[in-house]
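Trainee: just coords:
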Ligand SMILES: CC1(C)C(=O)N([C@H]2C=Cc3c(O)cccc32)c2nc(Nc3ccccc3)ncc21
């Protein structure tokens, strides 16, 4: 469930959640964002003393449709384990609330980074874009499309590395089968979405990646307009301005991604192999090894056995069954330290 985040606490529901100080082993500190049906708070895991983000969802405020989307988002996040995708640590549910405990991206939105620092140098943009491409490539290899790729959903961690967030519009796809739901932010939406046609999910994500790359290097959107109609005609024209400072290689890559005909648009392997992407050396295929079953880290297990009430089998089961409960949360929070 993608949403515009604001940190203004308005409604009475908000105050109720605002008075929350602790859930499970998590002590709440401050609100980092609130949307129409979720509040996200910074919290500390008291057992491991680690900062996490907790998305608090009040189920009583949601209709059936939205609730289904939230459970789909959770199902998808449970499957994803990648260095540049926000990791889900734990899911807690009471009869009226859902709490999603995830990695905390302390650097905030890359959108705000660009507002503050202006466009990136192309070598910095290349480092960041390679991380984004690696995260999206991993999702597509897991048959998941994000469908809401935009600067606002690209978060930064304390090392200024990318953490892809908000799988509220994501969905699983079957190779070659077309999707039809209109998703995401218009400024990042592929032309085929504006034409109301069924579309190929991964190819629509690639268009959004082209808009993201343009935004990183130019600090502005390629397609704008004062309303949806002008935006639509600009996108369908496929015409956008290239600033004087953009190198030819960068322009060439962007022009191969912002291609109207989805069939002719670059694929992720073509993007990875493009000249411009060779500026800094990241292995975009690091994601492949992440799909295997988690190898148990015995140092972490030994550390946990000092905690009351835990035994070896409980820990190994919770991690290998991917329970997303307190035990696996302690394990992964310690492993990621
Ligand atoms: C749980 C999760 C994944 C999430 O839902 N959000 C929200 C909340 C604010 C927001 C946004 O502004 C843009 C995207 C996602 C979000 C998160 N925000 C952060 N860090 C952050 C830190 C300072 C400013 C903005 C975001 N870390 C993890 C999350």
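Mentor: All right, it came through fine. Please read all numbers here as calculations on a predicted model, not as lab measurements.

Trainee: so who does the residue most central in space within the chain touch?
Mentor: Computing the C-alpha centroid of the chain and ranking residues by Cα atoms, centre = their mean puts residue 165 first, at 2.2 Å. Shown here is residue 165, whose contacts under the criterion Cβ atoms under 8 Å, 6 or more residues apart in numbering are 86, 105, 153-155. (Each C-beta comes from the backbone N, C-alpha and C, glycine too.)

Trainee: Just those residues: which are in strands?
Mentor: Cross-referencing the contacts of residue 165 against strands under DSSP state E gives 154-155.

Trainee: In a markdown table, list the contacts of residue 165 along with pLDDT.
Mentor: As requested, the contacts of residue 165 are arranged in a markdown table below (pLDDT from 0 to 100):
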| residue | pLDDT |
| --- | --- |
| 86 | 97 |
| 105 | 98 |
| 153 | 95 |
| 154 | 97 |
| 155 | 98 |
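
Trainee: Of the contacts of residue 165, which ones also sit close to the ligand?
Mentor: By Cβ under 6 Å from any ligand atom, the members of the contacts of residue 165 lying near the ligand are 86, 105, 153, 155.

Trainee: Bridging across strands, which residues link to the last one?
Mentor: Think residue 155. residue 109, residue 163 (DSSP bridges).

Trainee: Now for it, how many residues are close by?
Mentor: Close neighbours of residue 155, defined as other Cβ atoms under 10 Å, add up to 25.

Trainee: Test my guess that it contacts residue 113.
Mentor: No - the pair residue 155 / residue 113 is not scored as a contact, 9.7 Å apart, by Cβ atoms under 8 Å.

Trainee: where do the contact lists of the two overlap?
Mentor: residue 107.

Trainee: close enough to count as contact, residue 142 and residue 80?
Mentor: Yes - between residue 142 and residue 80 a contact is recorded at 6.9 Å, counting by Cβ under 8 Å.

Trainee: quick one, which of those two is more surrounded?
Mentor: When neighbours are counted by other Cβ under 10 Å, residue 142 and residue 80 differ, and residue 80 comes out ahead with 20 against 16.

Trainee: if I pick the more buried one, what's in contact with it?
Mentor: Contact partners of residue 80, counting by Cβ under 8 Å, 6+ apart, are 87-88, 138-139, 142, 144, 167.

Trainee: Where does pLDDT dip in the stretch 1-150 of the chain?
Mentor: Scanning the stretch 1-150 of the chain with the threshold set as pLDDT under 70 gives 1-14.

Trainee: Secondary structure element holding the closest residue to the ligand within the chain?
Mentor: Here the residue of the chain nearest the ligand is residue 33; by Cβ to the nearest ligand atom that distance is 2.6 Å. Under the criterion of DSSP states H and E, residue 33 resides in strand 26-34.

Trainee: Close to the ligand: what parts of the stretch 101-250 of the chain are there?
Mentor: Within the stretch 101-250 of the chain, the positions near the ligand by Cβ under 6 Å from any ligand atom are 102, 104-105, 108-109, 152-153, 155, 165-166.

Trainee: Filter the residues you listed down to just the buried residues.
Mentor: The neighbour count (16 or more other Cβ atoms under 10 Å) marks 102, 104-105, 109, 152-153, 155, 165-166 as buried among these.

Trainee: Out of the residues you listed, which comes closest to residue 257?
Mentor: residue 153 (17.7 Å; Cβ to Cβ).

Trainee: any idea how far residue 94 is from residue 60?
Mentor: According to Cβ to Cβ, to the nearest Å, residue 94 and residue 60 sit 11 Å apart.

Trainee: right, I mislabeled it, should have said residue 213
Mentor: 41 Å.

Trainee: follow-up on the earlier one: with distance to residue 246 added, can I get the ones next to the ligand among the contacts of residue 165 in a markdown table?
Mentor: What follows is these, written out as a markdown table (distance: Cβ to Cβ, whole Å):
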| residue | distance to residue 246 |
| --- | --- |
| 86 | 30 |
| 105 | 28 |
| 153 | 24 |
| 155 | 25 |
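
Trainee: Tell me which two in these are the farthest apart.
Mentor: Between any two of these, the greatest separation by Cβ to Cβ is 10.6 Å, found for 105 and 153.

Trainee: now the strands for the stretch 1-150 of the chain?
Mentor: 22-23, 26-34, 38-45, 50-58, 88-93, 97-103, 108-109, 144-145 (DSSP state E, counting those that start in this stretch).

Trainee: ranking the ones you listed by burial, who's on top?
Mentor: By mean neighbour count, with neighbours taken as mean count of other Cβ atoms under 10 Å, strand 144-145 ranks first of the strands of the stretch 1-150 of the chain at a mean of 24.
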